[in-house]
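model this:
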Amino acid sequence: MKIIYNIYQICFALPILLVLTILTALTTIIGSLLGGAHFWGYYPGKIWSQLTCYLLLLPVKVRGKEKLHKRTSYVFVPNHQGAFDIFLIYGFIGRNFKWMMKKSLRKIPFVGKACESAGHIFVDRSSPKKIWATMRQAESSLKDGVSLVVFPEGARTFTGHMGYFKKGAFQLADELQLAVVPVTIDGSFEILPRTGKWIHRHRLIMTIHDPIPPKGKGIDNIKETMTEAYKAVESALPEKYKGMVKNEDQEVI
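Predicted coordinates:
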């Protein structure tokens, strides 16, 4: 069965997805220029992500969508199991949002330019001034129900376990007094681990936890929210992936 699936993904699914990726990127770039990034920066990517999961025959289950309120902006903080986290969140979280991502991703052909056109936020940590500009860009994006998605670990896991959380997303939520929503991703590590070369068919589960409202402002609120969010995300992982394992290449985001 594994051999058949590998033949299917190489000969059928991946060639189609390559074409879809280029078309989605071009649609996002042109649409954002002509009609605004609010619509074109989200919906083409959402459809592309859903088609990716469907074409690769990946079952998807989402829990907890009912906990989110329409037209409310949130800061989502999911764990980062693997590359398919992107498709799961983009395709199935059901919220218009902007990614906060590494500056290096801007160099990816087509995709980097599409992300820039869509208004996703590239983190530039080269100076305090540029970090401040990143925060201001994020603030301007979080309105009319548009949310922000940040991987607080800053890097994909090597083991399936969570790394430690960096404070950037929580500082932003504290400054803007927005609720933080912990999100648990389970299954992405089995589909394509960080060191893997083949896609493996496996179910994807996304668990959306209760939003954590701001309890005040300042470092105590940030630390408390980080701790609460970490525990919530970890609680929905299988037992074999519970327990923090530090990733050596984690970056602040």
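
other SSEs contacting the helix or strand containing M101?
If you go by DSSP states H and E, M101 is part of strand 97-102. Helices and strands touching strand 97-102, as assessed by 3 or more Cβ pairs under 8 Å, 6 or more residues apart in numbering; DSSP states H and E, comprise helix 111-118, strand 121-123, helix 128-141, strand 147-150. From N, CA and C alone the C-beta is placed, and that goes for glycine too.

cutoff 10 Å now
If you count contacts as 3 or more Cβ pairs under 10 Å, 6 or more residues apart in numbering; DSSP states H and E, strand 97-102 packs onto strand 74-78, helix 84-92, helix 111-118, strand 121-123, helix 128-141, strand 147-150, helix 168-176.

confidence-wise, which of these is weakest overall?
Per-stretch mean pLDDT for those is lowest at helix 128-141 (a mean of 73).

report the buried residues of that one.
Across helix 128-141, burial judged by 16 or more other Cβ atoms under 10 Å covers 134-135, 137-138, 141.

cool, stretch 52-72 as well?
Per 16+ other Cβ under 10 Å, stretch 52-72 contains these buried residues: 52-53, 55-56, 58, 60, 64, 68.

how about stretch 174-183?
174, 178-183.

out of those, which sit inside helices?
Among the buried residues of stretch 174-183, the members falling in helices (DSSP state H) are D174.

identify, from the buried residues of helix 128-141, the entry nearest to V75.
A138 (8.9 Å; Cβ to Cβ).

put the alpha carbons of the biggest strand by length in the chain into PDB.
Counting by DSSP state E, the longest strand found in the chain is strand 179-186. Extracted in PDB, the C-alpha atoms of strand 179-186 (Å, rounded to 0.1, in the frame of the first residue of the first chain):
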ATOM      1  CA  ALA A 179      -7.000  37.000  23.200                       C
ATOM      2  CA  VAL A 180      -4.400  34.300  22.500                       C
ATOM      3  CA  VAL A 181      -5.800  31.000  21.100                       C
ATOM      4  CA  PRO A 182      -3.700  27.900  21.600                       C
ATOM      5  CA  VAL A 183      -4.000  25.400  18.700                       C
ATOM      6  CA  THR A 184      -2.800  21.800  18.800                       C
ATOM      7  CA  ILE A 185      -1.700  20.100  15.600                       C
ATOM      8  CA  ASP A 186      -1.400  16.400  15.600                       C
END
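
let the chain start at 697 from now.
Okay, residue one is now 697; in that scheme the one you just asked about reads as strand 875-882.

which helix or strand lies directly C-terminal to that strand?
Heading C-terminal from strand 875-882, the first helix or strand you meet, by DSSP H and E, is helix 884-887.

let me see the residues that make contact with that following helix.
749, 752, 754, 774-785, 852-857, 892, 894-902, 933-934, 937 (Cβ atoms under 10 Å, 6 or more residues apart in numbering).

redo that, cut-off 6 Å
Here helix 884-887 makes contact (Cβ atoms under 6 Å, 6 or more residues apart in numbering) with 777-778, 780-781, 856, 896, 898.

what does stretch 713-720 give?
Residues outside stretch 713-720 that contact it (Cβ under 6 Å, 6+ apart): 740, 744, 748, 806.

write a PyMOL command that selects only the buried members of these.
To isolate the buried members of these in PyMOL, using 16+ other Cβ under 10 Å:
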select buried, resi 740+744+748
